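Novice: Structure for this input, please:
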Amino acid sequence: MQNTLVIFKSKYGAAEQYARWIAEELQCPVLELGQVEKTDIEKNSNIIFGGGVHAGGIEGIDKFIKLTRKHFKNWFYGAHDKNADYQPDLYRPTKNMVIFAVGIGLKDQDYVKDLRYVNFDKKWLRQVECYTLDGRYDPEKVKGGDRAVIGLTLKMLEEEGQAMTEAQKLLKERIENGCDLMDRSQIKPIVDRIRGDQPQE
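Specialist: Just a heads-up that it's a prediction; the model follows:
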């Protein structure tokens, strides 16, 4: 697909795999975030970015936003009177940009709400489309600081005791035993969104 670019930031490989699947479907280039220049953003109309979730943050999101922020901000402040009420239904960035996050507990609505709050904290980012995709987790591959974060997460879950929700129980099981939830079919809404097969939310 012309004028389309897929960008990823991946620590353990899941986000990269989804990015490459999306690029295959759309027949477009795919780049690791560290390879991307501002000119790559300027010359493409459709930009897809994906990263793994670690400690609530989408990996690479800050750098991606820095590369693309003017396409959100210029539109937002041009389309909205600064004194008018915010109208998210009118949100249309000057480029067609979609973000996806990859993790093992992202189907829980409370988690998704927190994910948006942490990663899209600016007024002009609140309506960014963000798809959540199931990833994979191998306890044997986690090292250093990530191991400490996982340990803290498990401790917090265990402290919930009987109050632990079903979603929290499932997350705890996946962390303790590992899991592989990767599924190529999960990219369909993203591919359809770029192809224009469904309206923007």
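Novice: ok, then the element right after the lowest-mean-pLDDT helix or strand in the chain?
Specialist: Least confident helix or strand of the chain, by mean pLDDT, DSSP states H and E, is helix 61-79 with a mean of 78. Using DSSP states H and E, the helix or strand that follows helix 61-79 towards the C-terminus is strand 96-103.
Novice: what's the helix or strand that that next one is followed by packed up against?
Specialist: Using DSSP H and E, the helix or strand that follows strand 96-103 in sequence is helix 109-119. When contacts are defined as 3 or more CB pairs under 8 Å, 6 or more residues apart in numbering; DSSP states H and E, helix 109-119 packs onto strand 57-58, strand 130-134. In this view, the C-beta of every residue, glycine as well, is placed from N, C-alpha and C.
Novice: What average pLDDT does stretch 135-152 get?
Specialist: The pLDDT scores in stretch 135-152 average 89.
Novice: tell me how far the ends of it are from each other?
Specialist: 20 Å (CA to CA, to the nearest Å).
Novice: in it, what counts as buried?
Specialist: For stretch 135-152, burial by neighbour count (16 or more other CB atoms under 10 Å) applies to 135-137, 142, 150.
Novice: Of these, which is the nearest to Met182?
Specialist: Arg136 (5.4 Å; CB to CB).
Novice: Parallel or antiparallel, which strands does the host helix or strand of Leu31 pair with?
Specialist: Leu31 is part of strand 30-32 when elements are defined by DSSP H and E. In the sheet, strand 30-32 lines up against strand 4-9 (parallel) (DSSP bridges).
Novice: since we're on Asn46, how many residues are nearby?
Specialist: Using other CB atoms under 10 Å, Asn46 has 20 other residues around it.
Novice: What separation do you get for the closest residue to it other than its chain neighbours and Asp40?
Specialist: Distances taken as CB to CB, 6 or more residues apart in numbering place Thr4 nearest to Asn46, at 4.1 Å, with adjacent residues excluded. Plainly put, Thr4 is 11 Å away from Asp40 if you go by CB to CB, to the nearest Å.
Novice: So for those two, which residue has more residues nearby?
Specialist: Thr4 (20 against 15).
Novice: Let me see the confidence value for that one.
Specialist: At Thr4, pLDDT is 96.
Novice: With Gly13 as the reference, measure out to Ile99.
Specialist: Counting by CB to CB, the gap from Ile99 to Gly13 is 19 Å.
Novice: More neighbours: those two, which one.
Specialist: Ile99 (23 against 15).
Novice: can you pull up the bridge partners for the more buried one?
Specialist: Phe49, Cys130.
Novice: for Ile7, same thing?
Specialist: Leu31, Phe49.
Novice: Ok, which of the helices and strands packed on helix 109-119 comes nearest Val36?
Specialist: Checked against CB to CB, the stretch from those lying closest is strand 57-58, at 15.5 Å.
Novice: taking the mean pLDDT, what do you get for the closest one?
Specialist: 94.
Novice: List the residues that contact Phe120.
Specialist: Phe120 makes contacts with 126, 128, 130, as judged by CB atoms under 8 Å, 6 or more residues apart in numbering.
Novice: Phe72 is in contact with the second one, correct?
Specialist: Yes. Val128 lies in contact with Phe72 (CB atoms under 8 Å); the separation is 7.4 Å.
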